[in-house]
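**Q** Give the three-dimensional model of this entry:
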Amino acid sequence: MSKQVVLITGALTGIGRATAVAFANEGARVVVSGRKQAEGDALARELRTLGAEAEFVRADVRHEDDVRNLIDKTVARFGRLDVAVNNAGTEGQPGPVTEQTAETYAATFDTNVLGTVLSLKHEMRVMLAQKHGSIINLSSALGKIGTPGASIYVASKHAVEGLTKTAALEAAAHGVRVNAVAPGPVDTGMLDRFTGGAEGKAGLVAGIPAQRAGTTAEIAQTIVFLASDKAPFLTGQSIAVDGGKLAS
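**A** Just a heads-up that it's a prediction; the model follows:
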């Protein structure tokens, strides 16, 4: 389908921003979403300079009214929803299990898990009626294994993996595909916060067979592929983009 209508949550920085640029360069119509109005408006203007039709809709994925409004405004503006990228997420508060609290759990799960549930709910509401669509959730390579000091984040990404498979099974007969991308360490502000600085980041990257962190553009290109008509029979999968980490 020409000129896909693409929605991206958590689009203002990192992987989300790179994904918005990648889809704009493919000629898509793009709706970007996040919590900061000024930054969102600036991103939409930038995407328009690339020749894309682009809009920003402010939304916090932790709140269902925001998510419902985001989906409804996307459809009202462009008439349909072909691709949804559920990228909004947080690393939460790193630290051992013994230091976690109900508050640190909620702060991570409300964005990473509840936000994915609400996004899937309203995206699928539209896509199932259309009988077509592709949804890509952002998981993590850590959601497939685990690592000390990241218990709540890892648990939240395990949940995203399960939600992806379940939603894919529910949607497959209706022409809707649901997949996940599971990045390894990617050079973003989130990675800097997660590792606590240059030394921690270097130690993490040293364990990657490719001997480097990934780039946001590399993750974005995988997302664009999963959303394309080049992957029509691919659903319910989680694609690790991790420089060989899970193979080691």
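**Q** would you say P232 is within a strand?
**A** No. Under DSSP: H, G, I helix; E, B strand; the rest coil, P232 sits outside any strand and is assigned coil.
**Q** In space, what's closest to it - neighbours in sequence excluded?
**A** Distances taken as C-beta to C-beta, 6 or more residues apart in numbering place R177 nearest to P232, at 7.8 Å, with adjacent residues excluded. The C-beta positions use only the backbone N, C-alpha and C, and glycine is treated the same way.
**Q** and the one you found, what does it touch?
**A** Counting by C-beta atoms under 8 Å, 6 or more residues apart in numbering, R177 makes contact with 133-135, 168, 171, 226, 231-232, 234-235.
**Q** quick check, it in a helix?
**A** No. Secondary structure of R177 (three-state DSSP): strand, not part of a helix.
**Q** partner residues bridging it?
**A** S134 (DSSP bridges).
**Q** for V31, same thing?
**A** Residues in beta-bridge contact with V31 (DSSP bridges): L7, E55.
**Q** Mind listing residues that contact the longest helix seen in the chain?
**A** Longest helix in the chain, counting residues (DSSP state H): helix 151-171. With C-beta under 8 Å, 6+ apart as the test, helix 151-171 has contacts from 91-94, 96-97, 100, 104-105, 108-109, 112-113, 116-117, 120, 124, 127-128, 135, 137-140, 142-144, 146-147, 177-180, 182, 194, 235-238.
**Q** If you average pLDDT per helix and strand, which one of this protein comes out bottom?
**A** In the chain, the helix or strand scored least confidently by mean pLDDT, DSSP states H and E is helix 189-195, which has a mean of 75.
**Q** Please state the offset of that one from the chain centre?
**A** 17 Å (C-alpha atoms, centre = their mean, to the nearest Å).
**Q** Same check on stretch 147-162?
**A** Offset of stretch 147-162 from its chain centre (C-alpha atoms, centre = their mean): 15 Å.
**Q** Tell me the buried residues in it?
**A** By neighbour count on 16 or more other C-beta atoms under 10 Å, the buried set for stretch 147-162 is 150-161.
**Q** which one of these is nearest E53?
**A** V160 (29.4 Å; C-beta to C-beta).
**Q** Distance of that closest one relative to G51?
**A** Counting by C-beta to C-beta, to the nearest Å, the separation of V160 from G51 is 32 Å.
**Q** and the residue lying closest to G244 once chain neighbours are set aside, backbone torsions?
**A** Nearest non-adjacent residue to G244, counting by C-beta to C-beta, 6+ apart: P209, 3.5 Å away. Torsion angles at P209 (phi, psi; degrees, to the nearest 10) stand at phi -50, psi -40.
**Q** What distance do you get for P209 to G243?
**A** Taking C-beta to C-beta, one finds P209 at 6 Å from G243.
**Q** Of the two, which one has the most company?
**A** G243 (23 against 13; other C-beta atoms under 10 Å).
**Q** got a pLDDT number for that one?
**A** Looking at G243, its pLDDT is 94.
**Q** again, but for S228
**A** Reading off the model, S228 has pLDDT 97.
**Q** distance of it from Q4?
**A** To Q4, S228 is 8 Å away according to C-beta to C-beta.
**Q** quick one: which of the two has more around it?
**A** Q4 (22 against 14).
**Q** Tell me who's in contact with that one.
**A** 23, 26, 28-29, 82-83, 227.
**Q** Angles on the backbone of the residue of the chain most remote from its centre, please.
**A** Distance from the centre of the chain peaks at T98, with 28.7 Å (C-alpha atoms, centre = their mean). Note on T98: backbone dihedrals following degrees, to the nearest 10 are phi -70, psi -10.
**Q** how close does the residue nearest to T215 when sequence neighbours are not counted sit to N25?
**A** Once flanking residues are discounted, T215 sits nearest to D187: 6.0 Å by C-beta to C-beta, 6+ apart. Distance, D187 to N25, using C-beta to C-beta: 20 Å.
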